[in-house]
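K.L.:
predicted coordinates and the sequence they were generated for:
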Amino acid sequence: MEAALRIAGANATDDLGFLALSFAFYELRSLDDPERQEYQESVYELLEAHYIDDLRLNRLLLSLVRFGGEPGVDLVDKVVASSEHRVLRARGAFWSAMERLMEVDDLTTSPAERADVRAEVTRMAQLVADEYSDVEVFRGEPGGEAIKPVLYALENLAIGSVLPEASAQRVGGDQESLSQYRGSVLLLDFWATWCAPCIASLPEVTKLQQLLGDRGFNVITISIDETMELVEQFMDRRMDLPFVNWYVGEGSQLYEDWAIQGVPTYVVVDRDGVVRGRSHEVESLYDVILEATGADDETRAKLVGDEAATPSAGSFRAGAPTQEALQTEVVAALDTLVAELVAERPADAAAYAERLRAYLEAHPAFLRQRRRAYGRGWNRHREPLRLSHRRRLPNSRSCPARIQHRGANTW
């Protein structure tokens, strides 16, 4: 790290200096807190001093928002406010709005904090729409088009909004719509059979359905797999899953319009069709689910159990666990995950999972820095698997036929 910073400081205007500083930025994620704090200020001082008006910074804008925490977001704000390059201002605003969208509904923060984040995300998104609609912000897509899912989500999918109507093909059944479930509390679970964190969460989702099903609670899983056959094969092997399964496919219009940012993503909707929560972590939604269903204390105890024995994502942010405690958690969590992987993908999962377990047992600091990097997207021992934003896949042209999404029309 020290060598990289010396090179970056001595060669601030050439490619070598930028590459060294980029290395230092990403290396911050692998350091424990005291050491990271020691170098973080130097990294950001160099970035601000030499690269706000340098087009090479475009390579770091997404990572600054996604991994940089408050310093990264602040630096991107400065780029948006003062960079001499219009493309940097446009892309900075785009990534700030896109990447921070989930923070608008972060239930681990106070309503006032969520309101502040929403105002800032809305400001950035509107800035892209109003001033940079013609600037290519991601993979050739102009800002005016690329930012539409964020504006749509802010208006229709944030906590307190009435969820728009949508319909899709039920796996093994007919076309269904959300309005058919009006009057029920819904947990919408965007997932895929290739997503290990999604599979690892199935026991928790199943437990919710079993405990709350008699209280008008329904889980609807929404698969983004390449083909329905993959989902059907998975369901044939998992006959114990007691909930409704929809299929929309890769690159579906629903996935894009709702600005889903990786799987798993969970959305809680109450009996009136109002969004009550949205998260990558199903456990973080337990309270709103229990409140919406009117569950009693006994049901709550069965679901939550011994909270002290099950650390939440928030508890890790409040205070980093010891190396030994973290390593113990890694091993226990991976035992469960490995079992799921081997059961679902026996041909190739066993060897990979064993290598993964061995690495994490030997490098517990890796898990800690990943948790810091992904924040809200980390679910105790796993993170959401992100698809490229609004990516277009070879079979995506057929996807709109699978999902009928009715825009702003509500239930």
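P.N.:
Nice, thanks for sending it over.
K.L.:
please make it C-alpha for all contacts and neighbour counts, starting now.
P.N.:
OK.
K.L.:
just give me the neighbour total for residue 238.
P.N.:
The burial count assigned to residue 238 is 11, neighbours taken as other C-alpha atoms under 10 Å.
K.L.:
and for residue 90?
P.N.:
Using other C-alpha under 10 Å, residue 90 has 28 neighbouring residues.
K.L.:
helix or strand: which one has it?
P.N.:
With elements delineated by DSSP states H and E, residue 90 resides in helix 86-99, which encompasses its position.
K.L.:
equivalent analysis for residue 200, please.
P.N.:
With elements delineated by DSSP H and E, residue 200 resides in helix 196-212, which encompasses its position.
K.L.:
surely residue 7 forms part of a helix?
P.N.:
Yes. The assignment for residue 7 is a helix, going by DSSP: H, G, I helix; E, B strand; the rest coil.
K.L.:
wait, what's in contact with it?
P.N.:
Under the criterion of C-alpha atoms under 8 Å, 6 or more residues apart in numbering, the contact partners of residue 7 comprise 16-17, 20-21.
K.L.:
cool, and residue 83?
P.N.:
Shown here is residue 83, whose contacts under the criterion C-alpha under 8 Å, 6+ apart are 52-53, 89.
K.L.:
what about residue 183, is that helix, strand or coil?
P.N.:
When classified by three-state DSSP, residue 183 comes out as coil.
K.L.:
touching, it and residue 292? I think so.
P.N.:
No. With contacts counted by C-alpha atoms under 8 Å, residue 183 stays clear of residue 292, the gap being 11.1 Å.
K.L.:
anything in contact with each of the two?
P.N.:
Among the neighbours of residue 183, those also in contact with residue 292 (C-alpha under 8 Å, 6+ apart) are 270-271.
K.L.:
for those two, indicate the residue with more neighbours.
P.N.:
Using other C-alpha under 10 Å as the criterion, residue 183 and residue 292 rank with residue 292 on top: 20 against 14.
K.L.:
pull the contacting residues for that one.
P.N.:
The contact partners of residue 292, by C-alpha under 8 Å, 6+ apart, come to 185, 270-271.
K.L.:
which among these count as buried?
P.N.:
Burial by neighbour count, judged by 16 or more other C-alpha atoms under 10 Å, picks out 185, 270-271 from these.
K.L.:
buried ones in whichever strand or helix holds residue 229?
P.N.:
Per DSSP H and E: residue 229 is located in helix 228-237. Of all the residues in helix 228-237, those buried under the rule 16+ other C-alpha under 10 Å are 228, 231, 235.
K.L.:
so where do the helices sit in the stretch 1-150 of the chain?
P.N.:
Counting by DSSP state H, counting those that start in this stretch, one finds helices in the stretch 1-150 of the chain at the ranges 2-10, 15-27, 33-51, 61-67, 69-82, 86-99, 111-131, 143-146, 148-156.
K.L.:
picking up where we left off before, what is the most widely separated pair among the contacts of residue 7?
P.N.:
Taking C-alpha to C-alpha as the measure, the contacts of residue 7 span a maximum distance of 8.6 Å, between 16 and 21.
K.L.:
any residues in contact with both of those two?
P.N.:
With contacts taken as C-alpha under 8 Å, 6+ apart, residue 16 and residue 21 have 7-8 as neighbours in common.
K.L.:
one step back: including pLDDT and distance to residue 106, could the buried residues of helix 228-237 go into JSON lines?
P.N.:
Rendered in JSON lines, the data for the buried residues of helix 228-237 read as follows (pLDDT from 0 to 100; distance: C-alpha to C-alpha, whole Å):
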{"residue": "228", "pLDDT": "92", "distance to residue 106": "32"}
{"residue": "231", "pLDDT": "92", "distance to residue 106": "30"}
{"residue": "235", "pLDDT": "86", "distance to residue 106": "31"}
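K.L.:
sorry, back to before: tell me the one of the contacts of residue 292 nearest residue 26?
P.N.:
So of those, ranked by how close each gets to residue 26 (C-alpha to C-alpha), first place is residue 270, at 40.7 Å.
K.L.:
spit out the contact partners of the closest one.
P.N.:
By C-alpha under 8 Å, 6+ apart, residue 270 lies in contact with 183-186, 276, 292.
K.L.:
give me every residue that touches residue 13.
P.N.:
By C-alpha under 8 Å, 6+ apart, the residues touching residue 13 are residue 50.
K.L.:
picking up where we left off before, now the contacts of residue 83: which count as buried?
P.N.:
Restricting the contacts of residue 83 to buried positions leaves 52-53, 89, with burial counted as 16+ other C-alpha under 10 Å.
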